[in-house]
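A.B. asks: Dropping a prediction and its sequence here:
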Amino acid sequence: MSLNEEKVSQIAYLARLKLSDEELEINTNELNNILQLVEQLQEIEAEGVEPMAHPLHMSQRLRVDEVKEKDDSNNFQSIAPKTGNGHYLVPTVID
Amino acid sequence: MHTKTLTQLVDGLAKKEFSSTEITQHFINRIKSSKLNAFITVTEDLALEQARVADDRIANNDNGVLTGVPYAHKDIFCTKGVKTSAGSKMLDNFIAPYDSTVSHKLNTAGTVMLGKSNMDEFAMGSSNENSYYGSVKNPWNLNKIPGGSSGGSAASVAARLSPFATGTDTGGSIRQPSSLCGITGLKPTYGRVSRYGMIAYASSLDQAGPMTQTAEDAALVLNVMAGFDSKDSTSSDKNVEDYTAKLEDSIKGLKIGLPKEFFSEGLDDGVAENIMHAIKEFESMGASVKEISLPNSSYAIPTYYIVAPCECSSNLSRMDGVRYGYRCEDPKDLEDLYLRSRSEGFGKEVQRRIMIGAYALSAGYYDAYYLKAQKVRHLISDDFKRAFKDVDVVMGPVSPTTAFDLGSVKDPVSMYLADIYTLSANLAGLPGMSIPAGFSNNLPVGLQLIGNYWSESILLNIAHKFQQQTDWHNKAPKEY
């Protein structure tokens, strides 16, 4: 399986990354080298093997849904790039 | 004073031979005059304040074992009010609004944070060259890499800039730099140390641990770091042992397994020689050695480079320029904001791994990549299960070579091969250690110990016994 520049450009967009033409060429090359490395996985017969989701096969712990933290939004928003009236501000989405 | 081990400093503080303020100032001065680039942020004022509080606690007999001991904190742990960059331009302006559980535990114990240590961006790298803040230099040879991703932590302990350091290990990031800098590093069993507030790279693999001069020191630090945390749903509620309790146990009759796959092509002769010498040392102490096989370990690299990028592409989607971190100048719309903030904020290797993950998880490829990798991960884990029926510990090299030249490994795939012996323990979730075991061409060689689940105290015991017979762990680079 080999990726062309068009496909890499599509993947970059999926990951919300913007590549210049030069970066696109370099990345296409490097991603193909990495895919060639991981292609070795296809050699292994793993039919019927249980996929390992957790190293200790633990299941997700559940807890009671209760409020424990105090409202600390001013503190959290103090490090945001742009806020206003308790909201995070971004460029207009809908005119 | 800086040549003392953590254990010796603890002893000196208890006997009032020196104060925490004195040793803290001493280490701060060493850090400030160092040229290793081991720290991203030095927190001098905070350190001296913490030292003052520690001295009060000691004077009032209100102290714990580590009260007053300074340390370097990997810049991946959120530290309230202190910049936490994870080695990335993306978080260069990020002042953490809360403490990670590890930071909280270390603060409660009364330790003194000297600063935040340098690292590969978001812990992705094996040489520290992926840091936005420039590479750390190896104290044994300034032209060499210190290893990664916890390279600043390793260099700091090796150059005696701090008595201990914290590290995190997703594919070898504690063990490999420990090996390359000649110090002791321990990656605990997955789930032993809370990941809360530790900036996530690959959540099913990430685990924090201590980096120290000796195994005895590592036991003291792990005693503070380990434990259940309700804020981390993958942390284990298994009881925490006193990791110092078994240090002095005899290792007579210990069964050591040497996986033949860890001694195959690609292993440097000088490294192999030192490792075999260390194994002989264990035999002279009454241990027996057996060749074993971990047949699927050769697939650890392809498995890891699917699992880790998939998880990182998901974890790093939170870095979007909206709530914290870097935002591009004058975004023209929301999409432009996302695209430019992320491509300007992330470094090249991080972008590569995000793209590999995004591709492997995309529709139509999931079964061939992620699902297959998770199955092979199971096979790798089963190999160890089989091995631990016959042996108590698996040993081998940490890294196929000693520290290589800065700037010498340029293509990503060659760099990935540096982790060939460390990845398996992460994929299986097993604890692993690196301990100093000699030198090749004047550069340190680390011996790797991999134990069964929850066998940290056994690994520490084995390492401690070795360190009583050898003095590799006491060696520091001449100028330090």
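C.D. replies: Good, I have the coordinates.
A.B. asks: residues in contact with residue B:97?
C.D. replies: Residues near residue B:97 by Cβ atoms under 8 Å, 6 or more residues apart in numbering or on different chains: A:72, A:75, A:76, A:78, A:79, B:80. C-beta here means a position set from N, CA and C on the backbone, and glycine is covered the same way.
A.B. asks: Can you convert those into JSON lines and add a column each for neighbour count, distance to residue B:71 and pLDDT?
C.D. replies: Shown next, in JSON lines, are these (neighbours: other Cβ atoms under 10 Å in any protein chain shown; distance: Cβ to Cβ, whole Å; pLDDT from 0 to 100):
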{"residue": "A:72", "neighbour count": "10", "distance to residue B:71": "27", "pLDDT": "90"}
{"residue": "A:75", "neighbour count": "11", "distance to residue B:71": "26", "pLDDT": "93"}
{"residue": "A:76", "neighbour count": "15", "distance to residue B:71": "27", "pLDDT": "93"}
{"residue": "A:78", "neighbour count": "11", "distance to residue B:71": "28", "pLDDT": "95"}
{"residue": "A:79", "neighbour count": "15", "distance to residue B:71": "25", "pLDDT": "96"}
{"residue": "B:80", "neighbour count": "16", "distance to residue B:71": "17", "pLDDT": "98"}
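A.B. asks: Which single residue of the stretch 351-480 of chain B ends up nearest chain A?
C.D. replies: residue B:429 (2.4 Å; Cβ to the nearest Cβ).
A.B. asks: Report how many residues lie close to that residue.
C.D. replies: 24 (other Cβ atoms under 10 Å in any protein chain shown).
A.B. asks: What does the pLDDT read for it?
C.D. replies: Listed pLDDT for residue B:429 reads 97.
A.B. asks: could you say which helix or strand contains residue B:23?
C.D. replies: helix B:20-33 (DSSP states H and E).
A.B. asks: Test my guess that the residue of the stretch 351-480 of chain B closest to chain A contacts residue B:191.
C.D. replies: Yes - using Cβ atoms under 8 Å, residue B:429 is in contact with residue B:191, at 7.4 Å.
A.B. asks: Need the residues touching each of the two.
C.D. replies: Contact criterion Cβ under 8 Å, 6+ apart; residues shared by residue B:429 and residue B:191: A:55, A:56.
A.B. asks: ok so, going back, helices or strands up against the helix holding residue B:23?
C.D. replies: Judged by 3 or more Cβ pairs under 8 Å, 6 or more residues apart in numbering or on different chains; DSSP states H and E, helix B:20-33 is in contact with helix B:6-14, strand B:39-42, helix B:44-59, strand B:70-74, strand B:112-117.
A.B. asks: how many neighbours does residue 87 have?
C.D. replies: Here I'm looking at chain A. For residue A:87, the count of nearby residues is 10 (other Cβ under 10 Å).
A.B. asks: meant chain B, my bad for not saying
C.D. replies: Counted with other Cβ under 10 Å, residue B:87 comes out at 34.
A.B. asks: That one looks like it's in a helix, true?
C.D. replies: No - counting by DSSP: H, G, I helix; E, B strand; the rest coil, residue B:87 falls outside a helix, being coil.
A.B. asks: possible to save the helices and strands packed on helix B:20-33 as a markdown table with mean pLDDT?
C.D. replies: Shown next, in a markdown table, are the helices and strands packed on helix B:20-33 (pLDDT from 0 to 100):
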| stretch | mean pLDDT |
| --- | --- |
| helix B:6-14 | 97 |
| strand B:39-42 | 98 |
| helix B:44-59 | 98 |
| strand B:70-74 | 98 |
| strand B:112-117 | 98 |
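A.B. asks: Mind putting the ones you listed into CSV with mean neighbour count and distance to chain A?
C.D. replies: CSV is the format used below for the helices and strands packed on helix B:20-33 (neighbours: other Cβ atoms under 10 Å in any protein chain shown; distance: least, Cβ to the nearest Cβ, whole Å):
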stretch, mean neighbour count, distance to chain A
helix B:6-14, 19, 29
strand B:39-42, 22, 16
helix B:44-59, 18, 18
strand B:70-74, 29, 19
strand B:112-117, 29, 16
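A.B. asks: So for the residue of the stretch 201-350 of chain B found nearest chain A, what's the pLDDT?
C.D. replies: The nearest approach of the stretch 201-350 of chain B to chain A comes at residue B:327, 3.8 Å away (Cβ to the nearest Cβ). We note a pLDDT of 98 for residue B:327 in this prediction.
A.B. asks: and it, helix, strand or coil?
C.D. replies: Under three-state DSSP, residue B:327 comes out as coil.
A.B. asks: Contacts only, for residue 93.
C.D. replies: The chain I'm using is chain A. The contact partners of residue A:93, taken as Cβ under 8 Å, 6+ apart, are B:333, B:334.
A.B. asks: wrong chain, I was asking about chain B
C.D. replies: Contact analysis of residue B:93 by Cβ under 8 Å, 6+ apart lists A:79, B:83, B:325, B:326.
A.B. asks: Please identify which helix or strand holds residue B:434.
C.D. replies: With DSSP H and E as criterion, residue B:434 is part of strand B:432-440.
A.B. asks: partner strands of that strand, parallel or antiparallel?
C.D. replies: Using DSSP bridges, the strands paired with strand B:432-440 in its sheet are strand B:184-187 (antiparallel), strand B:443-451 (antiparallel).
A.B. asks: Make CSV from those and add mean pLDDT to it.
C.D. replies: Conversion of these to CSV gives the following (pLDDT from 0 to 100):
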stretch, mean pLDDT
strand B:184-187, 98
strand B:443-451, 98
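A.B. asks: Please identify the most buried of those.
C.D. replies: strand B:184-187 (a mean of 32; mean count of other Cβ atoms under 10 Å in any protein chain shown).
A.B. asks: how far is that strand from where the chain is centred?
C.D. replies: Mean-position distance between strand B:184-187 and its chain equals 7 Å (Cα atoms, centre = their mean, to the nearest Å).
A.B. asks: and the strand holding residue B:434, average pLDDT?
C.D. replies: Mean predicted lDDT for strand B:432-440 stands at 98.
A.B. asks: Does chain A have contacts with the helix or strand of chain B with the lowest mean pLDDT?
C.D. replies: For chain B, counting by mean pLDDT, DSSP states H and E, helix B:412-416 ranks last in confidence among helices and strands (a mean of 94). Yes - contact between helix B:412-416 and chain A, assessed by Cβ under 8 Å from any Cβ of the partner chain, occurs at B:412, B:413, B:416.
A.B. asks: In TSV, list the residues you listed along with neighbour count.
C.D. replies: TSV is the format used below for the residues of helix B:412-416 next to chain A (neighbours: other Cβ atoms under 10 Å in any protein chain shown):
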residue	neighbour count
B:412	19
B:413	14
B:416	21
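A.B. asks: List the contacts of residue B:458.
C.D. replies: B:246, B:392, B:393, B:451.
A.B. asks: out of the residues you listed, who's nearest residue B:232?
C.D. replies: Nearest to residue B:232 among the contacts of residue B:458: residue B:451, at 22.1 Å, using Cβ to Cβ.
A.B. asks: Quick check: nearest residue in space to the closest one, chain neighbours excluded?
C.D. replies: Once flanking residues are discounted, residue B:451 sits nearest to residue B:459: 4.6 Å by Cβ to Cβ, 6 or more residues apart in numbering or on different chains.
A.B. asks: so what's the backbone phi/psi at the most centrally placed residue in chain A?
C.D. replies: Residue closest to the mean C-alpha point of chain A, counted by Cα atoms, centre = their mean, is residue A:15 at 6.6 Å. Backbone torsions for residue A:15, taken as degrees, to the nearest 10, come to phi -90, psi 10.
A.B. asks: and what of residue B:391?
C.D. replies: Main-chain dihedrals, residue B:391, degrees, to the nearest 10: phi -130, psi 160.
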